[in-house]
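S.K.: Need coordinates for the below:
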Amino acid sequence: CHHSIRSKLRGIYPKGLKFIWTKFMSKNLRSLPLTDPCLRRDKITKTDFYFIYIAIIGFLGIFSTTISKSPVLPLFVKDGLGGSDAILGLIAFFSPMAGMLFSFPIGFLMDKLGFKKLIWTSVAIFVASPLLYMSVTNAWMLIPVRFLHGLATAILIPIVTTAISIKYFANKGQKLGTFSSATLIGRTIAPIVGGFIISMVAAQHYPALFSYKAVYIMAFLAALPIIPLTIMLTRGDSVKAGNGNHLTWADFIAALKKFIGDHRMLTTALVEMAIYFCYGILETFLPGYLKGLHLDAKAIGLVFSIQIISIALSKPLFGKMADNIDKRFQIIAGIIVVGLSLFLTSFFVSYWLIALMSIFFGLGIALATVATATYIADITDKASLGSSMGALSSIMDVGQSTGPLIAGALITYYGSNALGFSIGTALCLLSATLFAIFNFRRAIPTKTAN
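M.R.: Got it, this is the predicted structure:
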């Protein structure tokens, strides 16, 4: 195979073999005829399977961690362990803390240690965490368990987005969108499966505690296939081997300063934060607003279902769009759609208009967020791409956690949903303005995959 490939290369580049191989891998693979069976098998089929493995790992990992939380966790805390609402609130507070605290350090470790070591750490946590739920004897023990389970996701998302951005640089937007849709599908069906298991076990007149632990058995079984998939994913050379095993605080601080000091990356992360700030507001307070309009639970659930479907279906399409147009315009368009649809939702009383706004809100999220990740990959050098992706993920979690807190305070004090929703819209417009100011000063650098 190598002889047949190199024979083609000699007719294209007369220079050294290393130069030839680099140029071939980055630019000329598509231009060569695919008549050579070994070329076709090694360079196309293997890459496709690589992404399939990643997508399934993302689906199973997010399914496992979500089914461990919704709807079983509140029931397990209150009915199974006799916990109070205060303890449940603390568990809910600490669950996303792993993402906020560790996404950037994980991205930094990705740059230093490489993909393989970190993906196996994430897999070990995904598999072990469901077993820990079954061993708890009081509600307080769930705080470290939920934190640990959240750490698995905090590791998985930044390292996988970094790996995809490197391996599929030319069409990273489409691949990142497809991967995100795979995780979103896992997040969507997990509560349905969890609720079904609880109902089925309860129908057999088993103790309530057993029905909850049955869900965690399902979470464990869902995580097990990740092990062979990761073995197949990491066979051979890692997509990113890392640039050294020597880790120092100075390197970490330098990476953090580099991200904060780059106005383009920082304002892109602020856009991501504003979007999930709005998402946190909508998912927290829209159900209560719809209930006040005398809508039943099925109608409320439908509003969120069509929103999730709109995100899942449109992300691969918008990702492909991001590969072919100026991502900066796509980011601004997406965040404006998010902000306006959130603002208008608080003034509508028609169910169908609110459902329409929910669809637009989902489309805006898909349009902007798939472009932010690809744009970060465009403006970041490969050596620090993991740190940048980790910072993006960390700031996103900050937005989703603080949105309900700030909007809830305004809604409680002033008694106005419109005011609480408007704070999200204002943040969207502010972040879009800052993004435009700092990102249209220069053209996006043209890079090729390394």
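S.K.: Residue ranges in the stretch 201-350 of the chain under the pLDDT threshold?
M.R.: 236-246 (pLDDT under 70).
S.K.: Kindly recompute the last result at 80.
M.R.: Across the stretch 201-350 of the chain, the ranges flagged by pLDDT under 80 are 205, 207-208, 236-247, 297.
S.K.: can you map out the helices along it?
M.R.: 208-223, 226-233, 249-261, 263-292, 297-322, 327-345 (DSSP state H, counting those that start in this stretch).
S.K.: List the buried residues for the fourth one?
M.R.: Judged by neighbour count using 16 or more other C-beta atoms under 10 Å, the buried positions of helix 263-292 are 264-282, 284-287, 289-290. For every residue, glycine as well, the C-beta is placed using N, CA and C.
S.K.: residues contacting Pro228?
M.R.: Contact partners of Pro228, counting by C-beta atoms under 8 Å, 6 or more residues apart in numbering, are absent.
S.K.: any idea how far Lys117 is from it?
M.R.: To Lys117, Pro228 is 18 Å away according to C-beta to C-beta, to the nearest Å.
S.K.: about what we covered before: so which of the helices of the stretch 201-350 of the chain gets nearest Gly173?
M.R.: helix 297-322 (3.5 Å; C-beta to C-beta).
S.K.: Helix 226-233 and whatever helix or strand Leu148 lives in, what's the angle between them?
M.R.: In this structure, Leu148 is located in helix 142-167 according to DSSP states H and E. Angle, helix 142-167 to helix 226-233, by axes from the mean of the first three to the mean of the last three C-alpha atoms, to 10 degrees: 20 degrees.
S.K.: And the residue lying closest to Lys258 once chain neighbours are set aside, what's its pLDDT?
M.R.: Counting by C-beta to C-beta, 6 or more residues apart in numbering, Lys258 lies nearest to Ser384, which is 6.4 Å off, once chain neighbours are set aside. Residue-level confidence at Ser384 comes out at 86, pLDDT.
S.K.: And the one 5 residues further on, by the same measure?
M.R.: pLDDT, the model's per-residue confidence, is 92 for Met389.
S.K.: So that it lines up with my notes, have the first residue be 32 from now on.
M.R.: In the new numbering, first residue 32, that becomes Met420.
S.K.: before we move on, the earlier item: wait, the residue nearest to Lys289 sits on Gly292?
M.R.: No - under the criterion of C-beta atoms under 8 Å, Ser415 is not in contact with Gly292, lying 12.0 Å apart.
S.K.: what about these two, which has more around it?
M.R.: Of the pair Ser415 and Gly292, Ser415 is the one with more neighbours under other C-beta atoms under 10 Å, namely 21 against 9.
S.K.: give me every residue that touches that one.
M.R.: Taking C-beta under 8 Å, 6+ apart, we find Ser415 in contact with Asp142, Ala286, Lys289, Phe290.
S.K.: With Thr315 instead?
M.R.: So Thr315 contacts Gly434, Pro435, Ala438, Gly439 (C-beta under 8 Å, 6+ apart).
S.K.: Most neighbours among these, which one?
M.R.: Gly434 (27 neighbours).
S.K.: After the host helix or strand of that residue, which helix or strand is next?
M.R.: Using DSSP H and E, Gly434 sits in helix 416-445. Where DSSP H and E defines the elements, the next helix or strand beyond helix 416-445 is helix 448-470.
S.K.: Can you give me the buried ones in that next one?
M.R.: Result for helix 448-470 [16+ other C-beta under 10 Å]: buried residues 448, 451-456, 458-460, 462-463, 465-466, 469-470.
S.K.: Give me the helices and strands touching that helix, please.
M.R.: Applying 3 or more C-beta pairs under 8 Å, 6 or more residues apart in numbering; DSSP states H and E, we find helix 448-470 packed against helix 294-323, helix 358-376, helix 416-445.
S.K.: gap between that helix and the chain center?
M.R.: 22 Å (C-alpha atoms, centre = their mean, to the nearest Å).
S.K.: do the same with stretch 138-153
M.R.: Worked out by C-alpha atoms, centre = their mean, stretch 138-153 lies 17 Å from the chain centre.
S.K.: Between the two ends of that stretch, how far is it?
M.R.: 13 Å (C-alpha to C-alpha, to the nearest Å).
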